[in-house]
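Colleague: Fold the stuff below for me.
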Amino acid sequence: MKKALLVLALCPFAALAAEPQQPACNAADFFQTQPDLTVGRVVDAGNVELMGERPGCLDTPQDGCRSGDEVEPGSSLVIGSRWNDYYCVQVLPPGKAVVGWAPEQRVMKTGHMADTDFSSWLGQWDGSAGRVLEIQAKGDTLHVRMLPSGGKGEGTLIGSAEPMGDELFLGEEPCAVRASLQGAKLVVTDNGQCAIGGASPGGVYSSRAAAQRMERMFEGLGDR
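Modeller: Numbering: from 1, shown residues only. From the prediction side, this is the model:
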């Protein structure tokens, strides 16, 4: 009888422990805590006011919930966790690199709209703070390196693996890296146990080859 009463007494606490918690959404570990990141953009008219991490702000409107950051329509984003009617987003260049919760009706995921193939992985990819990834192929295996700032030199091997469609899983224990090919963007996340060249490889990288093709296209239009 005493055992049954103890179980009943603990039930509310067990339910509380199992209750979903609002995910983290901050700049410090954005690329380590956000699952299934997708690039996208802000849609519709008017600036978007981002919400902060304060608990309860995404459940019931409260004073002091807004982060103070606003994002313009058309701004490029990387979109992460969803909670209630909000997505955790980070603004991509040329916008200010801020993080916060945006209303779901104001963001559109565009990352997997473009067609890609094996060759789309290859080449150099430019990230923030001068970081450059280089991806080369040997047979069906991709080899990913973090190059020195500026993209010259041998760099550090992050890992080698065969891609699974638009996904690539790399790293050796304790480091685990996931790269997601999304058109001309490469979204890289890690488990917080990776220090490649002294820093996390997480971030959004832009295809240098795609940028050069776009530049040549505009030059051709200008010559007409």
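Colleague: Run through the protein and note the low-pLDDT ranges.
Modeller: By pLDDT under 70, the weakly predicted segments of the chain are 1-18, 150-151, 218-224.
Colleague: Other residues contacting the strand or helix carrying Ile135?
Modeller: Ile135 belongs to strand 132-138 when assigned by DSSP states H and E. Identification of contacts with strand 132-138 by C-beta atoms under 8 Å, 6 or more residues apart in numbering yields 118, 121-127, 142-151, 155, 158, 186, 188, 201, 205. In this view, the C-beta of every residue, glycine as well, is placed from N, C-alpha and C.
Colleague: Check stretch 210-219 too.
Modeller: 126, 183-184.
Colleague: Chain neighbours aside, what residue packs nearest to the spatially most central residue of the chain?
Modeller: Note on the chain: the residue nearest the mean C-alpha position is Leu37, at 4.1 Å, using C-alpha atoms, centre = their mean. Spatial nearest neighbour of Leu37, excluding adjacent residues (C-beta to C-beta, 6 or more residues apart in numbering): Val187 at 4.9 Å.
Colleague: Share the number of residues neighbouring the one you found, please.
Modeller: Neighbour count of Val187, defined by other C-beta atoms under 10 Å: 24.
Colleague: rewinding a little: of the contacts of strand 132-138, keep whichever come out buried.
Modeller: 121, 124-127, 142, 144-147, 151, 155, 158, 186, 188, 201, 205 (16 or more other C-beta atoms under 10 Å).
Colleague: beta partners for the residue nearest to Leu37?
Modeller: Ser180, Val204 (DSSP bridges).
Colleague: So it versus Val42, what's the distance?
Modeller: Per C-beta to C-beta, to the nearest Å, Val187 is found 18 Å from Val42.
Colleague: before we move on, what about Met51?
Modeller: 14 Å.
Colleague: Next: Asp115.
Modeller: Distance of Asp115 to Val42, given as C-beta to C-beta: 24 Å.
Colleague: Those two: who's more crowded?
Modeller: The residue with more neighbours, out of Asp115 and Val42, is Val42; 21 against 7, by other C-beta under 10 Å.
Colleague: Now the residue lying closest to the more buried one once chain neighbours are set aside: phi and psi?
Modeller: Spatially, and ignoring its direct neighbours in sequence, Val42 is nearest to Ser75 (4.7 Å; C-beta to C-beta, 6+ apart). The phi and psi values for Ser75, taken as degrees, to the nearest 10, are phi -60, psi 140.
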